[in-house]
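A.B. asks: based on what follows, work out the 3D shape:
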Amino acid sequence: MPTITVGTARIPYRVVGSGPDTLALVHGTGPGSAMWDGLLDAFTDRYTVLLPDLSGSEAAEDDGAALTLETLAAQVNAVIDAAGRGPADILGFSLGAVVATAAAALRPDQVRRLIAAAGWISAEQDEYLRLSMATWLSLADHPAAFGGYATLTAFSRGFLDRIGREAVEANAAYLQPTPGTLRHIALDLSLDLAPLLPRVQAPTLVIGCTQDATIPVENTRRLHAALPGSEYAEFDTGHIVIAEETANFTRTVRDFLAAA
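C.D. replies: The predicted model follows:
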């Protein structure tokens with residue numbers, strides 16, 4: 001796996017597929033780029049897919065300092081540079097949506113098209129979001145509650161009922177309060193994307209999730225409104241739309257990217 005140095009961080013990334021176009025997938029809060037593995041087959045026929053593991057992920061190495069939006073955005077852009085694949089399309093989910101948008105703002109030359117799924121501008125705009133993230137962070141000393149809370153807010157009630165007890169418990173056990181994940185959540189609470197939004201030039205699709213209890217959909221609608229000319233799609237799912245509506249999600253992404 002290639003690894004690059006960006007500031008104090010060692011950032012590994014995977015390259016999957018050999019398509020003529022490039023798609024960078026930016027992970028959200030948690031262990032890292034493996035969250036995208038179930039979707040790769042939907043893109044590798046057309047794209048060379050870049051999968052960076054950013055600071056705070058299990059695979060990255062850095063000095064453990066507090067994370068900033070600019071730090072993670074710079075890592076995404078550095079991976080595209082190192083792979084020699086720019087300009088690239090970028091798809092980010094949750095925290096990754098915010099980071100991908102920041103990457104597009106900081107390096108307009110680097111991003112052809114941008115998709116921001118289940119993102120937001122600032123937790124200060126939504127007291128529910130601020131309290132939810134602070135509550136999640138406060139559960140760091142209680143791993144079972146930490147994972148359970150994450151699962152409860154990440155998926156719609158109907159989806160949890162459909163997948164059943166064993167899968168629900170497996171999901172709750174997956175996301176643990178590692179130091180890196182806690183750094184991600186602290187960034188979720190503190191980040192403010194607003195100053196960077198006027199600098200985004202790439203055609204953008206914002207995706208919201210109607211039943212999202214992690215990032216309430218009003219936040220993604222607000223992000224869409226703050227990006228004049230952006231397109232908007234909404235799915236009737238919980239936060240993890242890539243699990244609840246995988247086929248429809250990937251179709252929507254491909255259709256937007258192919259419209260260029």
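A.B. asks: please count neighbours and contacts with C-alpha atoms only from this point.
C.D. replies: Will do.
A.B. asks: scan the chain for its longest helix.
C.D. replies: Taking DSSP state H as the criterion, the chain has its longest helix at helix 157-174.
A.B. asks: what is the rounded mean pLDDT of it?
C.D. replies: Helix 157-174 shows a mean pLDDT of 96.
A.B. asks: hey, C-alpha coordinates of whichever helix or strand comes after that helix in CSV?
C.D. replies: The helix or strand immediately downstream of helix 157-174 is helix 179-190, counting by DSSP states H and E. Extracted C-alpha coordinates of helix 179-190, given in CSV (Å, rounded to 0.1, in the frame of the first residue of the first chain):
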residue,chain,number,x,y,z
PRO,A,179,-8.1,7.6,20.2
GLY,A,180,-8.4,8.3,16.5
THR,A,181,-12.2,8.0,16.4
LEU,A,182,-12.4,10.3,19.4
ARG,A,183,-10.3,12.8,17.5
HIS,A,184,-12.7,12.6,14.6
ILE,A,185,-15.7,13.2,16.9
ALA,A,186,-13.9,16.2,18.5
LEU,A,187,-13.5,17.6,14.9
ASP,A,188,-17.1,16.9,14.1
LEU,A,189,-18.0,19.1,17.0
SER,A,190,-15.6,22.0,16.3
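A.B. asks: which SSE is immediately downstream of helix 179-190?
C.D. replies: Heading C-terminal from helix 179-190, the first helix or strand you meet, by DSSP H and E, is strand 204-209.
A.B. asks: residue most distant from the centroid, this protein?
C.D. replies: In the chain, Arg165 marks the outermost C-alpha relative to the chain mean, sitting 26.4 Å out by Cα atoms, centre = their mean.
A.B. asks: tell me how far that residue lies from Val98.
C.D. replies: 32 Å (Cα to Cα, to the nearest Å).
A.B. asks: output the below-cut-off pLDDT ranges for this structure.
C.D. replies: Counting by pLDDT under 70, the chain shows low-confidence ranges at 260.
A.B. asks: just the strands in it please.
C.D. replies: Assigned by DSSP state E, the chain shows strands spanning 3-6, 9-16, 21-26, 47-52, 88-93, 111-117, 204-209, 231-235.
A.B. asks: Ser230 against Gln201, yeah?
C.D. replies: No - counting by Cα atoms under 8 Å, Ser230 sits too far from Gln201 to count as a contact (10.1 Å).
A.B. asks: of these two, who's got more company?
C.D. replies: Gln201 (19 against 16; other Cα atoms under 10 Å).
A.B. asks: number of residues surrounding the closest residue to the more buried one other than its chain neighbours?
C.D. replies: With Cα to Cα, 6 or more residues apart in numbering as the criterion, Gln201 has its nearest non-adjacent residue at 6.1 Å, and that residue is Pro108. Using other Cα under 10 Å, Pro108 is surrounded by 16 other residues.
A.B. asks: so Pro108 makes contact with Pro203?
C.D. replies: No - Pro108 is not in contact with Pro203 according to Cα under 8 Å; the separation is 10.7 Å.
A.B. asks: so for Pro87, what's the nearest residue that isn't a sequence neighbour?
C.D. replies: Gln110 (4.4 Å).
A.B. asks: what does Ile207 give?
C.D. replies: Take Ile207 and drop its neighbours on the chain: the residue closest to it by Cα to Cα, 6+ apart is Ala117, 4.5 Å away.
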